Every structure is written in structure tokens, then in C-alpha cells.
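> got a predicted structure here, sequence first:
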Amino acid sequence: MKKVCVVGLGYIGLPTSAIFASAGFDVIGVDVNETVVATINSGDIHIEETGLAELVNRVVKEGKFRAQLAPEEADVFIIAVPTPIHDDYTANIDYVIEATKSVAPYLRKGNVVIVESTIPPRTMDDVVAPIIREHGFDPERDVYLAHCPERVLPGRILIELVENTRIVGGVTKEAAKQAADVYRAIVKGEVIETEAVTAEMAKLMENTFRDVNIALANELVKIAQRIGVNAHKVIELANKHPRVNIHLPGPGVGGHCLAVDPYFIVEKAKEESQLIQTARRINNSMPHFVVEQIKRMTAELEAPVIAVFGLTYKGNTDDVRESPAIEIYEELCRNERFDVRAYDPHVKPSQVPFPLATKEEALDGAHLVVVLADHNEFKTLTAEELAPMKTKVIFDTKHCVRLDDEDVTVYQIGHLSVVRAIQEHPSERV
Ligand SMILES: NC(=O)c1ccc[n+]([C@@H]2O[C@H](COP(=O)([O-])OP(=O)(O)OC[C@H]3O[C@@H](n4cnc5c(N)ncnc54)[C@H](O)[C@@H]3O)[C@@H](O)[C@H]2O)c1
């Protein structure tokens, strides 16, 4: 059985390592973070993902998977390091460059090197291949270079890693085949071979498609407020058309895929990517739009107390990267009128640069709960849980709260034309 070296043990690299190990591969995981390495070797994990803790614990105990700070020789190298954006919205591929350089001294002829990190178009050909060449290998003959993007959904990563269709883009045809064969050992879905640049672009367009369509839904929220119509109802009815699928609006787009990947295209084709840029602007405008609605709701209160519920960009995960909820929390805190408390049952205090409240602390004397993540805990909120609030009003920006109680007013993001300023003693429910 082949030996696999996975570089970067985060949301992608760690489950990938565990899946290869559980399929019988000998897996070495590499991370520059000492705590990550120590945590994994003790049989524990540092991220939240369904089923992952048990799987990692098992494969570490079985001796199929161990973590370390530097790579070593292997048959297959998989790079899954972050690819964030710089402040000027250009791609930061420094981690990919570093990771490629770190494996290069351990390469042997016939090795497969796969980049799973999301990368700008032509990165395999123009950046990764030259690094390999600098280390004395012909990237078209000696080693097999491929890009195999990830398209897993957090919370379902272990299932989707196995079941999703995989696109494997090789720097050469043979590289695509060799890399695809690696995945065929663990993937039940289809494994499609293509060129590296096509795989790079396909991944970016998947997320761009979603970003643009969420922007359309978010624009509808603003239009609906102006016109006086319920956007959620409009979406529900429009989506009865067999070929229409309007996405869900929300407080903005977060995570380091949808909120980041479209910029990788913009950087390479600025003039041609007008729609993509507009969509990014609309989605980026949503956190401020949410704050403006909160101001409207609390305009008649002397000292509004606001409980922010949910800081992650996605429900039922602990992932706060690029989260619009954090942006909203921080903008609220900058407003001296507000007493803002943040509560998230999935987020640890070490993940955010501000104090977290317990649910009880957040609700105590609050005028408004702003739901910013569709965690299950918020979907099932009850009027009894809200008893410590001064005025029981919820602003649900994720359209997820199911609470239907005459003592509680729930404002949905798609139905903002009905919002009225909160009074200390609210009268009727909307
Ligand atoms: N998380 C997702 O759902 C998802 C989905 C699709 C694609 N992706 C892409 O996959 C890539 C990895 O994302 P992630 O969510 O796993 O990131 P992550 O931040 O969770 O993990 C990356 C890990 O890489 C480590 N690292 C950084 N530089 C390193 C180096 N030179 N050598 C070894 N380790 C290094 C970090 O310490 C970290 O533990 C990104 O390009 C991302 O865009 C992520």
C-alpha cells in the first residue's frame, strides 16, 4: 500500500489524511503548528467536524496515521494549506509555495504531488511546476503534478470526501491519470481527469456561481424591503419553477471559499469579470445592511442591549473565517449606544478576539436577539428560553428560527418592510 504525506492538517487535510489512513494507506500528516501536531498524535483533533474525532483517534491508535512538523519521503504528497487573500484582494499563495518547497527535498522520481488548496488559474503551471523544476526534477516527466480541488461541505466532510465527484487536473495527461488513480482508491464518486488550469477554473467557478446567486438573493432582500414584499415567500414561489433556484439571502457571505475564491478570477481577468465583482460588492454590503436594520429596530430604545447569536459563517460548524457575523458584531460594538453580547455554542473563546457570553448572560435584559448563524440550537429556540429578555424580539438573518409564539416578535431578513421600532413594552406580534 502506498505512503501518503499530507501537508496542512486543517479542515481539508486532516479528514483527507484520516480517510486515506482508514483505507489502509500509511499516512504522514505535516503541519507547521506544533499544537496541531501534538493534539493529533494524542489521538485528539483541533477542529469540529462530524465523526472526525472518532476516525482520527482510531487511525492514530492503529499506527496508520501520525503527524509531524516536517515532510518525509512518500509516494504521494497532498498539499492542503490555506490560500487566503491579501488586503488588496489578491491571492496569497505563499503557503502553497512554502508547502511545495517543503516537500521538494523529499521527492523521488515517479512521485505524485497533488495540490488540493484552492488556487488561482495557472498556479500549477506557472508557480508549482517551476518550483519542482528548480529542485532538479522535470515537472513533465519525473514527477506527476496535479490539482485536485475540494468541494466538501463542512459538517459532511467525511461523507463527501468519499462520495463527491472529483476533478483531477494534471500538468500532463499522465499526471492527471496517476493522481486520479490515487483518489480512485478512496472515492466512490466519479473521478474525472482534465488539465490543471481547467480544474483550477472549475473549482473557482463553482464557488463564484454560488456567490453570484447569493448576491442576487441579497439584492432581492433590499428590493423587497423597498417594495414591501416578503422576499422569502417570493423565493419559495419562484423556485416552484422547474428551472429556477434562487439561493438563500443572509447577513453576508463568509468562509474562506465563497468570500475569497471569486477574487482569484477577478485578479486574473479584471475587465472581464464585472458581474463577479458586483456580486462581491453586494455580498460585502450585507453586514452593514444588517447593522442598519438593527439601528432601525432599536431606534426608540435608550440603551439597546443586543444579543448576537452565532458567529460562524455557517450553521452547526465552529468556522469563523471571513464570517460576516464577526463583522456585524464588531460594527455594533463600535456604536456606543449598544450593549452587545456575543453567544455561540460552537465557538471557543480562543477563536475570537473578544469575550463570549453564555446564553444566559447574552439574554439577560436584552432587547433584541440577532440570529447570524443557522445552528440547530437557534432553530429550536423557545419563548421560555427568551424569558430573561427585556423585550422578546428576534432578528433572524438566516430565516431559520421556527419559533411561533405570540409573546415573541420574529423579524426575518427577507421581510423587513414590516419592521417597527422596538418599544420597552412591545404590543403586537408581526
Ligand atoms: N474548509 C473547507 O471547507 C474547504 C473547502 C474547499 C476547499 N478548501 C481549500 O482547501 C485549502 C485548505 O483549507 P483548510 O480549510 O483545510 O485550511 P485550514 O486553515 O483549516 O488548515 C490549513 C493548515 O495548514 C497548515 N499550514 C500552513 N502552512 C503550512 C506549511 N507550509 N506546511 C505545513 N502546514 C501548513 C496550517 O497550520 C493549518 O493547520 C484552502 O485552499 C481552502 O481554500 C477548503
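Sure, I can see it.
> roughly how far is the helix or strand hosting V290 from the heart of the chain?
Using DSSP states H and E, V290 sits within helix 274-297. Relative to its chain's centre, helix 274-297 lies at 18 Å (Cα atoms, centre = their mean, to the nearest Å).
> what's the mean pLDDT across that helix?
The average pLDDT for helix 274-297 rounds to 98.
> who's in contact with that helix?
Residues outside helix 274-297 that contact it (Cβ atoms under 8 Å, 6 or more residues apart in numbering) are 208, 211-212, 214-216, 218-219, 221-222, 250-253, 259, 262-263, 265-266, 270, 306, 324, 327-328, 331-332, 335, 368, 370, 372, 393, 395, 397, 411, 413, 416, 419, 421-422. C-beta coordinates here come from the backbone N, C-alpha and C atoms, glycine included.
> so which of those residues sit within strands?
Members of the contacts of helix 274-297 lying in strands (criterion: DSSP state E): I306, L368, V370, V393, F395, Y411.
> list the contacts of V352.
V352 is in contact with L311, V320, I326, A342, counting by Cβ under 8 Å, 6+ apart.
> so the first one makes contact with P345?
No: contact status for L311 versus P345: not in contact, 10.2 Å apart, counting by Cβ atoms under 8 Å.
> among those two, which residue is more densely surrounded?
Set L311 next to P345 and count neighbours by other Cβ atoms under 10 Å: L311 wins out with 27 against 16.
> near the ligand, from the contacts of V352?
Checking those against the ligand by Cβ under 6 Å from any ligand atom, not one of them is in range.
> from those, pick the one nearest D94.
Minimum distance to D94 across those is 21.8 Å, recorded for V320 (Cβ to Cβ).
> next, work out how far apart the closest one and the ligand are.
To the ligand, V320 is 12 Å away according to Cβ to the nearest ligand atom, to the nearest Å.
> where does pLDDT dip in the stretch 251-400 of the chain?
Within the stretch 251-400 of the chain, not a single segment meets pLDDT under 70.
> Q225 touches S417, doesn't it?
Yes: Q225 is within contact range of S417, at 5.3 Å (criterion: Cβ under 8 Å).
> higher neighbour count, those two?
Legend: neighbour count by other Cβ under 10 Å for Q225 and S417, higher for Q225 (19 against 13).
> local confidence estimate at that one?
97.
> hang on, it is in a helix, isn't it?
Yes: assessed by DSSP: H, G, I helix; E, B strand; the rest coil, Q225 belongs to a helix.
> residues contacting the closest residue to it other than its chain neighbours?
Excluding its sequence neighbours, the residue lying closest to Q225 (Cβ to Cβ, 6 or more residues apart in numbering) is L416, at 4.2 Å. Listed by Cβ under 8 Å, 6+ apart, the contact partners of L416 are V221, A224, Q225, Q293.
> next one: E327
Residues near E327 by Cβ under 8 Å, 6+ apart: G252, P287.
> same question for the one 5 residues further on.
Residues in contact with L332, defined by Cβ under 8 Å, 6+ apart, are V291, I294, I306, V308, F338, V340.
> possible to save the residues you listed as CSV with distance to Y183 and neighbour count?
Formatted as CSV, these follow (distance: Cβ to Cβ, whole Å; neighbours: other Cβ atoms under 10 Å):
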residue, distance to Y183, neighbour count
V291, 44, 21
I294, 46, 23
I306, 47, 27
V308, 41, 27
F338, 50, 21
V340, 46, 23
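> of all these, which comes closest to the ligand?
Closest approach to the ligand among the contacts of L332 (Cβ to the nearest ligand atom): V308, at 23.4 Å.
> how about residues contacting the host helix or strand of the closest one?
Taking DSSP H and E as the criterion, V308 maps to strand 305-309. Here strand 305-309 makes contact (Cβ under 8 Å, 6+ apart) with 294, 298, 325, 328-329, 332, 338-344, 357, 362-363, 365-373, 375, 378, 389-390.
> please repeat the previous calculation with a cut-off of 6 Å.
Applying Cβ atoms under 6 Å, 6 or more residues apart in numbering, the external contacts of strand 305-309 come out as 329, 338-343, 362-363, 365-371, 378.
> parallel or antiparallel, list what pairs with it.
Strand 305-309 pairs in its sheet with strand 339-343 (parallel), strand 368-371 (parallel), by DSSP bridges.
> now the angle from the first one to helix 274-297?
Angular relation of strand 339-343 and helix 274-297 on a 0 to 180 degree scale: 120 degrees, by axes from the mean of the first three to the mean of the last three Cα atoms, to 10 degrees.
> which strands or helices does the next helix or strand after strand 339-343 pack on?
Counting by DSSP H and E, the next helix or strand C-terminal to strand 339-343 is helix 359-363. Where contact means 3 or more Cβ pairs under 6 Å, 6 or more residues apart in numbering; DSSP states H and E, helix 359-363 is packed against strand 339-343.
> residues making contact with the strand it packs on?
Strand 339-343 is contacted from outside by V305, I306, A307, V308, F309, Y329, L332, C333, L356, A357, K359, A362, using Cβ under 6 Å, 6+ apart.
> out of the residues you listed, which two are the most distant from each other?
Among the contacts of strand 339-343, the pair separated by the greatest distance (Cβ to Cβ) is C333 and K359, at 19.1 Å.
> got the residues of the stretch 151-300 of the chain near the ligand?
So far as Cβ under 6 Å from any ligand atom goes, the stretch 151-300 of the chain lies against the ligand at V152, P154, H256, C257.
> of the contacts of L416, which is the most crowded?
V221 leads those on contacts (other Cβ under 10 Å) with 26 neighbours.
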